[in-house]
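Engineer: let me see the structure of the following:
(2 chains)
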Amino acid sequence: KNEVEQSPQNLTAQEGEFITINCSYSVGISALHWLQQHPGGGIVSLFMLSSGKKKHGRLIATINIQEKHSSLHITASHPRDSAVYICANSMDTGRRALTFGSGTRLQVQP
Amino acid sequence: DARVTQTPRDKVTEMGQEVTMRCQPILGHNTVFWYRQTMKQGLELLAYFRNRAPLDDSGMPKDRFSAEMPDATLATLKIQPSEPRDSAVYFCASGRYGSGELFFGEGSRLTVL
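Structural biologist: Residues are numbered from 1 along each chain as shown, chains lettered A, B, ... in the order given. All right, here's what the predicted structure looks like:
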């Protein structure tokens, strides 16, 4: 069974801090996604990765396929980064239906 | 700016009524997903289409839910009859088969009284 676990569930940080959110999964995957959801808002795809590391602005996502683990890092955090961050994976590239983690609620205080 | 469009954004209805949610995928995308989000269960897959054909609807309660793609520009999710436990936010997402990247709509918030 494909299970996706995220930690921490809740995270409060001060503006400027370096933030790490972790994601572990139980089965081999074809791709891992990091998604962002602001309160009451839609879902935005931040990254899709199947190996190595990707960077976009202050966001960095890494994945270790052997350890079945991925991390999302936010450098120089800002209050506007406050959102729920969701890790999701797909077991089959063709099917691409996602299995989701429960999300990490991040609050960045000024 | 291409985006996935969902209607309605908000729907309040009474138990037993029929509800239809619509999704317009991004032009050129040939995979469409319906997901449901609740506080208790988080995000769950309801249905998946590729080239308008349903490939996976195992997450959908078959007795009351139905999903279709009458054409490449429209996906529908219908609930009949609706029940209070169907109250959730329903997301549609689309993508190109093989690319892996997904684009989500803003969601349709359903409240069944």
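
Engineer: from now on I want contacts and neighbour counts done on CA atoms only, so please keep to that.
Structural biologist: Fine.

Engineer: who in chain A is up against chain B?
Structural biologist: Within reach of chain B by C-alpha under 8 Å from any C-alpha of the partner chain, chain A has these residues: A:31, A:41-45, A:48, A:93-94, A:96-102.

Engineer: and which of those residues is nearest B:T76?
Structural biologist: A:A97 (17.7 Å; C-alpha to C-alpha).

Engineer: returning to that earlier point: of the residues of chain A next to chain B, which is the nearest to chain B?
Structural biologist: A:G42 (4.3 Å; C-alpha to the nearest C-alpha).

Engineer: which ones are touching the closest one?
Structural biologist: Taking C-alpha atoms under 8 Å, 6 or more residues apart in numbering or on different chains, we find A:G42 in contact with B:104-107.

Engineer: ok, and the most crowded of those residues?
Structural biologist: In terms of neighbours by other C-alpha atoms under 10 Å in any protein chain shown, those top out with B:G107 at 29 neighbours.

Engineer: excluding its backbone neighbours, what's nearest it?
Structural biologist: B:F91 (4.4 Å; C-alpha to C-alpha, 6 or more residues apart in numbering or on different chains).

Engineer: and that neighbour, what element?
Structural biologist: Assessed by DSSP states H and E, B:F91 sits inside strand B:88-95.

Engineer: tell me what that strand is packed against?
Structural biologist: Where contact means 3 or more C-alpha pairs under 8 Å, 6 or more residues apart in numbering or on different chains; DSSP states H and E, strand B:88-95 is packed against strand B:31-38, strand B:103-104, strand B:108-112.

Engineer: need these in a markdown table with mean pLDDT, can you?
Structural biologist: Below are the helices and strands packed on strand B:88-95 laid out as a markdown table (pLDDT from 0 to 100):
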| stretch | mean pLDDT |
| --- | --- |
| strand B:31-38 | 94 |
| strand B:103-104 | 94 |
| strand B:108-112 | 97 |
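
Engineer: that older thread, so of the residues of chain A next to chain B, which ones are in strands?
Structural biologist: Members of the residues of chain A next to chain B lying in strands (criterion: DSSP state E): A:31, A:43-45, A:48, A:99-100.

Engineer: of these, which is the most crowded?
Structural biologist: Going by other C-alpha under 10 Å, A:F100 tops those with 25 neighbours.

Engineer: contacting residues for that residue?
Structural biologist: Contacts of A:F100 (C-alpha under 8 Å, 6+ apart): A:4, A:86-89, B:42-44.

Engineer: max pairwise distance over those: which two?
Structural biologist: Pairwise across the contacts of A:F100, and taking C-alpha to C-alpha, the largest span is found between A:N89 and B:G42, at 14.4 Å.

Engineer: the more surrounded of those two?
Structural biologist: Counted by other C-alpha under 10 Å, A:N89 and B:G42 do not tie: A:N89 has more neighbours, with 27 against 16.

Engineer: and the more buried one, how far from A:P79?
Structural biologist: Distance, A:N89 to A:P79, by C-alpha to C-alpha, to the nearest Å: 27 Å.

Engineer: now do the contacts for the closest residue to chain A within chain B.
Structural biologist: Residue nearest to chain A within chain B (C-alpha to the nearest C-alpha): B:E106, separated by 4.3 Å. By C-alpha under 8 Å, 6+ apart, B:E106 lies in contact with A:41-43, B:4-6, B:9, B:91.

Engineer: show me which residues of chain B sit near chain A.
Structural biologist: Proximity of chain B to chain A, by C-alpha under 8 Å from any C-alpha, involves residues B:33, B:42-45, B:48, B:97-98, B:100-107.
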